[in-house]
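[1] predicted model, plus sequence, below.
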Amino acid sequence: MKYLFKTTILLGILTGIFLAVGYVLGGQSGLLLALIFSAFTNFISYYYSDSIIISMYGAKELTPQEAPGLFRIAEKLAQRANIPIPKLYIIDMDQPNAFATGRDEHHSKVVVTSGLLKLLNEDEIMGVLAHEFSHIKNKDILISTIAATIAGAISALVNIFQFSLIFGAQDRDRNSNPIVAILLIIITPIIASIIQFAISRSREFAADATGAHICGCPLSLAKALKKIHDYVERSPVEVNQGTAALFIENPMGSLGQLFSTHPPTEERIKRLVEMAKEMGQI
């Protein structure tokens, strides 16, 4: 509950920033634009974000005949999590990684990389899938997508008014303060990104804990995270910044604690080891 409460508060702040930027930079007309833009982006995000992301990475849907072992694991975990079996996709990428997307458990997809299937053993793959299934069960995939969309829309809105400021457009509803506008143009996207990252970090801890219970072995996920993290640090991959938070480990590697889309892997592993001790597995 504490993770859900924190996420709700952070999303509320993010939406508030979006509307405030529209008003401060454009007055009543700016607020109206922000509302319209927000409604449009949320609609697209809710219904089509998963298809957009799948196409972006060139992911291919798998069949039980192509990956019987993966489907066997997925069926077992879906039964334990009490959710429908998500569609499974694969990305041709040497880096081991995975993510979940979709608007709800009935329209969910789990994507794994070819490198993940090569590097991890069956228990570790089960830990990773359990983590992604937890995101689906906890409705994190929708929360993360909305957060990313609103954060991106804030940046787009700021860019619109940046051009208006440069070309001397005046708001008829009030007298614009160019200094305030410039400060907002610089600071607001940074604040929005920090809030988005905070949402992602809080949900990763929750998904680790839930995933460990679903698969029944916290150490399986801990070992998988260690292998994935070590590989990512050696061979980071450039991906769309807005989708980096979806992966179990940021494909681009360490970006600094403040702006990291994920909590420190060492802390995640430490918590999983503590769970294993509490469950009498160590």
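    Good, I have the coordinates.

[2] kindly list the longest helix within this protein.
    Longest helix in the chain, counting residues (DSSP state H): helix 2-56.

[3] centre of the chain to that helix, how far?
    Centroid displacement of helix 2-56 relative to its chain, using CA atoms, centre = their mean, to the nearest Å, is 15 Å.

[4] and it, what does it pack against?
    strand 98-102, strand 108-113, helix 140-166, helix 178-215 (3 or more CB pairs under 8 Å, 6 or more residues apart in numbering; DSSP states H and E). Backbone N, C-alpha and C define where each C-beta goes, glycine included.

[5] which of those has the lowest mean pLDDT?
    Here those differ in mean pLDDT, and the lowest is helix 140-166 at a mean of 68.

[6] so for the longest helix of the chain, mean pLDDT?
    Rounded mean pLDDT across helix 2-56 is 75.

[7] what's downstream of it, the next helix or strand?
    strand 60-61 (DSSP states H and E).

[8] gap between Ala222 and Ala130?
    According to CB to CB, to the nearest Å, Ala222 stands 12 Å off from Ala130.

[9] of the two, which one has the most company?
    Under the neighbour definition other CB atoms under 10 Å, Ala222 and Ala130 were set side by side, and Ala130 has more, 30 against 22.

[10] residue contacts, that one?
    Listed by CB atoms under 8 Å, 6 or more residues apart in numbering, the contact set of Ala130 reads 77, 81, 211-212, 214-215, 221.

[11] quick check on it: phi, psi?
    Main-chain dihedrals, Ala130, degrees, to the nearest 10: phi -60, psi -40.

[12] just the one 5 residues further on next, same as before
    Backbone geometry at His135, expressed as degrees, to the nearest 10, gives phi -60, psi -40.

[13] tell me the confidence at it?
    Looking at His135, its pLDDT reads 94.

[14] that one contacts Asp208, correct?
    No. Between His135 and Asp208 there is no contact under CB atoms under 8 Å: 10.4 Å.
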